[in-house]
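Chemist: The following comprises the amino acid sequence and a computationally predicted model.
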Amino acid sequence: MATLGEIAAVSGARLHGGDPAMIITGVASLDHAGVGQLSFLTHPRYRHFLPLTRAAAVILSPGDLTACSAPALVADNPHIAYARAAALFESVAESRCGLHATAWVHPTAQIAADAWIGPHCVVEAGAIIEAGVSVGPHCVIGEQAIVGEASRLVARVTVCRRVRLGRRALVHPGAVIGSDGFGLALAQDGRWLKVPQLGSVWVGDDVEIGANTTIDRGALEDTVIEDGVKLDNQIQVAHNVHIGAHSALAGCVGIAGSARIGRHCMLGGGVGVAGHLTIADRVQVTGMSLVAQSITQSGVYSSGLAVEPNRLWNKISARLRRLDELFRRLTALEKTIKRQDGSV
Amino acid sequence: MATLGEIAAVSGARLHGGDPAMIITGVASLDHAGVGQLSFLTHPRYRHFLPLTRAAAVILSPGDLTACSAPALVADNPHIAYARAAALFESVAESRCGLHATAWVHPTAQIAADAWIGPHCVVEAGAIIEAGVSVGPHCVIGEQAIVGEASRLVARVTVCRRVRLGRRALVHPGAVIGSDGFGLALAQDGRWLKVPQLGSVWVGDDVEIGANTTIDRGALEDTVIEDGVKLDNQIQVAHNVHIGAHSALAGCVGIAGSARIGRHCMLGGGVGVAGHLTIADRVQVTGMSLVAQSITQSGVYSSGLAVEPNRLWNKISARLRRLDELFRRLTALEKTIKRQDGSV
Amino acid sequence: MATLGEIAAVSGARLHGGDPAMIITGVASLDHAGVGQLSFLTHPRYRHFLPLTRAAAVILSPGDLTACSAPALVADNPHIAYARAAALFESVAESRCGLHATAWVHPTAQIAADAWIGPHCVVEAGAIIEAGVSVGPHCVIGEQAIVGEASRLVARVTVCRRVRLGRRALVHPGAVIGSDGFGLALAQDGRWLKVPQLGSVWVGDDVEIGANTTIDRGALEDTVIEDGVKLDNQIQVAHNVHIGAHSALAGCVGIAGSARIGRHCMLGGGVGVAGHLTIADRVQVTGMSLVAQSITQSGVYSSGLAVEPNRLWNKISARLRRLDELFRRLTALEKTIKRQDGSV
């Protein structure tokens, strides 16, 4: 619960037409909001709900104000304002500290006095858990790994030996940080010999790592995830990858070894990035595209193909296989015409 | 072990040419089946094995009966008949109830008397485990989560706080249900601010969730998986997605936020679905296709491209980059011809 | 620490220009190596670092020797030589044996005397853990599963009932071996009936399985992973798949049911393989390609499309949708020209 005035203060929005003392009890979308609930408009797709909403107040941008009959909280960046306001309504898990009775902690591990190690956790020799850290149930913190100040490992996170997580990391269930890279040398007889993976993973501050995402340790130097990077679920980050600060990667992205991704990049869901290439700062790649070579200019890039009815698609893809022939036939025709033009 | 007569009764098939008292000891494919084993034919691909099989009996459709020398169990839907028959030969895990000595259960959690909580499980405050539920080793059931009647969590499943699983759910190892959605607001300085994920996940009855599949909680309202939905392994379901009843999604599918998938849909392996769109009922999408816009008609849709020899493919994809030029050249040529036709 | 002479002996390389007694303290890349560190050159991409490296010695191929000012370890296959040398510098986890106090082991499980069962592990009834096996924290070994000699399960690995892992397996965190296949029969009313998955998984010797990779058990016969197969992270292997010896699959590959992959194959990241097909030996498939039909000849295959600037791509993909029209227009034009040619 919070008053409209408190919400305005926290969100940095200007209250327009509402009573600052009004009590708000929760948050809901424009079409579902009811008595006492706060809503927001951050995408034009939902603007048509605005005149009819029963929300007690709506966070919106100045341009949408006239269309809103409810009291408004006006912000230049309503998405940011909403994010701040919504945090007031989050049911924060009770803050705990100490070691749960079922956790197993090696005597040489260092656990800050106000950190929490949850049920059935394992903290190996020499690991360091800094102040204010919350380690949820079933996490494994490997030897000499470091979990930085105020980080939160939700549950069942594996942090392998010598991995370093920065401050305020938020890691979701099933994530694996520091698994071996896929380093193999091919012997003459066609067998694979494992190349020892001697590096580790270095994760900056304010990084979020999604459920079942995997980040491999470097072969020699560390795999690096810079400050403020946000990784969604089921992302695969191979060894020696470097992801620049404040880049955001959507679900199911796969990044091959030694790729270097710039700062403030955005990769859509299912994007693949080949190994040993460089992507410049502020590059956006749309969903299910393949980055096979370096990108040196910021901008938006794509190679995903959208569905068609299967019959049409079968025709298209059969034709596609003959595209080279098509070019050659066209070129031949152009020559014929040219000759004719000359002869006519 | 079961007799042919029992199998006929359970599977709903008509016995044709065999002794109902014959004892069947197991199940095998047509080419591997031997003495005392039951087999089946559900796909024409394997029909050529039929005349030669040494199976004691074969479940098949009426049209395949004449080609079968062995005793037959004839069913209009032999796949369904087989599924029922095979269940007789499943080595069912010994039914257990109670709490394993190593499980940790919060005193306020409610566990049905006949439910089983396996080794090293964690059940948090206020969680409800209904009658007949089996929670395998290493599962985490979050605060106020509900696991519906007769559900089975095989092992190492994470059910986050306030998630609601319906009756007879079957969840495989590594699945994460209720992780935070990837909700981020972009500040002017290029940093990301987390948008609190206040919703949860609502899963209907008879839902199967594959190994290492992840389902994010809603940002405001719940992510919804309706009755009878079947999710294979390593599927990613983003926040606020809605999957209609009896849809089946194959491995590695990724669904972006707020997408709405109809009932009785089938998505092939590796399919990607973009956010904020709607897919009608009874839509099929073939493997590795990208649904980038709403689909309003039932039917089969595709955008996957199949491999060619690499050299040919390199030519094709180089040509593809010049497809716009090709169209323009062709149009120019058409005009030239028309002019010539006029002038001739 | 090792001397240059020891490294030469272990790696099978010929020392050229260095003191065999020189002590090497670590390994680093050509551009980062400093005093006392060993480096290597296995890819021409990094050859320009060779003249300037400060490495104490460099493993390289005979052809690169003249360009190297540092002492050299010359090998015909420098990647293999490096892999062997680097193993000398791996910080090997302290060898442990016995059961950790927090592990739970069923009385009927058989654990070799020199095996190690780590914190919070669960070993179910009838499981067999052979000699020299190391089971890291949070692993679950199901009923009657077998973990072969000298295998290492790093942490949080789930081996389901009756799965058989060969010798020297290396399995990374979050892997699930033996989850149910996605076997469903479609009833007339549009509901799905589960087909019991009665087979298991058979894994040969010297297999590596990456983090969060999933391997489903067979529907009837076993899913088979032959000797020497290397699976990267987040790979999905469906039921009844057969992967031939010494094949290597990169991250995020998905293989549908009953596909049969040959020996010595290499599948790039994100490749999809459709079900019920066969891939010959020594086939390579480049990243994000779709194998939709059997491949009978060894060679390199592709269907991935690389990104273009988004505007250009939108044009291309719009044109692609009209590719059939394009072919028809071209054919019409060719006929017109032919007619003209005849008439002129």
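Modeler: Ah, there it is.
Chemist: Just the element for residue A:227, please.
Modeler: Using DSSP states H and E, residue A:227 sits within no helix or strand.
Chemist: roughly how far apart are it and residue A:45?
Modeler: Shown here: residue A:227 relative to residue A:45, a distance of 32 Å by Cβ to Cβ, to the nearest Å. Every residue, glycine included, has its C-beta placed from N, CA and C.
Chemist: do residue A:257 as well
Modeler: Going from residue A:257 to residue A:45 by Cβ to Cβ gives 39 Å.
Chemist: re earlier: neighbour count winner among residue A:227 and residue A:45?
Modeler: Using other Cβ atoms under 10 Å in any protein chain shown as the criterion, residue A:227 and residue A:45 rank with residue A:227 on top: 17 against 10.
Chemist: Now do the phi/psi pair for the more buried one.
Modeler: Torsion angles at residue A:227 (phi, psi; degrees, to the nearest 10) stand at phi -50, psi 140.
Chemist: The nearest residue to it once chain neighbours are set aside and residue A:177: what is the separation?
Modeler: Of all residues not flanking residue A:227 in the chain, residue A:204 sits nearest, at 3.7 Å (Cβ to Cβ, 6 or more residues apart in numbering or on different chains). Distance of residue A:204 to residue A:177, given as Cβ to Cβ: 13 Å.
Chemist: go on, residue A:271?
Modeler: According to Cβ to Cβ, residue A:271 and residue A:177 sit 21 Å apart.
Chemist: does residue A:254 really touch residue C:269, like I thought?
Modeler: Yes. The pair residue A:254 and residue C:269 qualifies as a contact (Cβ atoms under 8 Å) at a distance of 5.2 Å.
Chemist: Now do the shared contacts for these two.
Modeler: A:236, A:272, C:251-252 (Cβ atoms under 8 Å, 6 or more residues apart in numbering or on different chains).
Chemist: ok, the residues you listed vs chain B, which is closest?
Modeler: Relative to chain B, the closest of the shared contacts of residue A:254 and residue C:269 is residue C:252; by Cβ to the nearest Cβ it sits at 7.5 Å.
Chemist: Now do the same contact list for that closest one.
Modeler: Residue C:252 makes contacts with A:236, A:252, A:254, A:272, B:252, C:232-235, C:269-270, as judged by Cβ under 8 Å, 6+ apart.
Chemist: quick one: low-confidence parts of chain A?
Modeler: For chain A, the stretches with pLDDT under 70 are A:93, A:343-344.
Chemist: how about a cut-off of 80?
Modeler: Counting by pLDDT under 80, chain A contains low-confidence residues at A:91-95, A:340-344.
Chemist: Check it for its longest helix and report it.
Modeler: helix A:323-343 (DSSP state H).
Chemist: Measure how that helix sits relative to helix B:323-343, angle-wise.
Modeler: Interaxial angle, helix A:323-343 versus helix B:323-343 (axes from the mean of the first three to the mean of the last three Cα atoms, to 10 degrees): 30 degrees.
Chemist: which parts of helix A:323-343 are buried?
Modeler: Residues A:323, A:326-327, A:329-330, A:333, A:336-337, A:340 are the ones in helix A:323-343 that count as buried (16 or more other Cβ atoms under 10 Å in any protein chain shown).
Chemist: And for stretch A:127-144?
Modeler: A:127-130, A:132-144.
Chemist: Quick check: the gap between residue A:188 and residue A:246.
Modeler: Per Cβ to Cβ, residue A:188 is found 46 Å from residue A:246.
Chemist: Now do the same for residue A:224: helix, strand or coil?
Modeler: The three-state label given to residue A:224 by DSSP: H, G, I helix; E, B strand; the rest coil is strand.
Chemist: Quickly list what it is bridged to.
Modeler: Here residue A:224 sits in beta bridges with residue A:202, residue A:242, going by DSSP bridges.
Chemist: That one - how many residues pack around it?
Modeler: 19.
Chemist: contacting residues for it?
Modeler: Counting by Cβ under 8 Å, 6+ apart, residue A:224 has contacts A:201-202, A:204, A:241-243.
Chemist: Quickly name whichever of the residues you listed is closest to chain B.
Modeler: Using Cβ to the nearest Cβ, the contacts of residue A:224 come closest to chain B at residue A:204, 12.3 Å.
Chemist: Spit out the contact partners of the residue in the stretch 51-200 of chain A that chain B sits nearest to.
Modeler: Per Cβ to the nearest Cβ, residue A:79 is where the stretch 51-200 of chain A lies closest to chain B, at 3.9 Å. Residue A:79 makes contact with A:40, A:42, B:185-186, B:195, according to Cβ under 8 Å, 6+ apart.
Chemist: all helices for chain A, in order.
Modeler: Under DSSP H, chain A gives helices at A:4-11, A:78-86, A:310-320, A:323-343.
Chemist: out of the ones you listed, which comes closest to residue B:52?
Modeler: Among these, the nearest to residue B:52 by Cβ to Cβ is helix A:310-320 (34.8 Å).
Chemist: Does that closest one reach chain B?
Modeler: Yes. Using Cβ under 8 Å from any Cβ of the partner chain, helix A:310-320 reaches chain B at A:310, A:313-314, A:317, A:320.
Chemist: Now for those: which two are most distant?
Modeler: Top of the distance list for the residues of helix A:310-320 next to chain B (Cβ to Cβ): A:310 and A:320, 15.0 Å.
Chemist: Pick out whichever of the two has more residues nearby.
Modeler: residue A:320 (20 against 17).
Chemist: Am I right that that one is in contact with residue C:323?
Modeler: Yes. Counting by Cβ under 8 Å, residue C:323 is a contact partner of residue A:320 at 6.4 Å.
Chemist: Could you tell me which residues make contact with residue A:112?
Modeler: By Cβ under 8 Å, 6+ apart, the contact set of residue A:112 is A:129-133.
Chemist: who does the spatially most central residue of chain A bridge with?
Modeler: With distances taken as Cα atoms, centre = their mean, the residue of chain A nearest its centroid is residue A:231 (2.9 Å). Under the criterion DSSP bridges, residue A:231 forms beta bridges with residue A:209, residue A:249.
Chemist: With that, I have no additional questions.
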